[in-house]
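**Student:** Sequence isn't available, so here's the structure alone:
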């Protein structure tokens, strides 16, 4: 019996891999996979525009939304200091132990109100700006 040439032995796994790629749908160059890749890239880059976040919020720390009694008290304290409509309220990942409540004011501007665990306003940040203003 004649032994297979070395090239044939090396080509067999390549042929199996090529067949598997074709059977599974081929490469990632289809329109659907391009969209999925773009979405995944936005999410890994912070997802600022895709998630509706401000362009300056590109950190990857999750900010869990407030719930229950904490949500009620934090939103009430923020609205007492800055009247308007609450857009969102969450734990502040940048400042552990703090809450952040985004309030849309009557003039259409949004302000992020930072509160400590006793629901005292400690700082604010106008949306679209990078620097926080001291509460005072």
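**Tutor:** Sure, I can see it. Everything numeric in this text was worked out from a predicted model, so none of it was measured. Numbers count the residues shown, from 1 in each chain.
**Student:** which regions of this protein sit below the pLDDT cut-off?
**Tutor:** Confidence mapping of the chain against pLDDT under 70 gives the ranges 1-60, 128-136.
**Student:** 90 instead, please
**Tutor:** 1-63, 92-97, 127-136 (pLDDT under 90).
**Student:** sec struct for residue 119, please.
**Tutor:** For residue 119, the assignment made with DSSP: H, G, I helix; E, B strand; the rest coil gives coil.
**Student:** now do the one 4 residues further on
**Tutor:** Per three-state DSSP, the local secondary structure of residue 123 is strand.
**Student:** Now for it, how many residues are close by?
**Tutor:** Residue neighbour count, defined by other C-beta atoms under 10 Å, stands at 19 for residue 123. Quick note: C-beta positions are derived from backbone N, CA and C, even for glycine.
**Student:** Tell me the bridge partners for it.
**Tutor:** For residue 123, the beta-bridge partners are residue 114, residue 134 (DSSP bridges).
**Student:** I figured it hits residue 114, correct?
**Tutor:** Yes - under the criterion of C-beta atoms under 8 Å, residue 123 lies in contact with residue 114, with a separation of 4.4 Å.
**Student:** hang on, residue 73 in a helix?
**Tutor:** Yes - counting by three-state DSSP, residue 73 is part of a helix.
**Student:** how about the nearest residue to it, chain neighbours excluded?
**Tutor:** For residue 73, ignoring the flanking residues on the chain, the nearest one in space by C-beta to C-beta, 6 or more residues apart in numbering is residue 119 at 5.1 Å.
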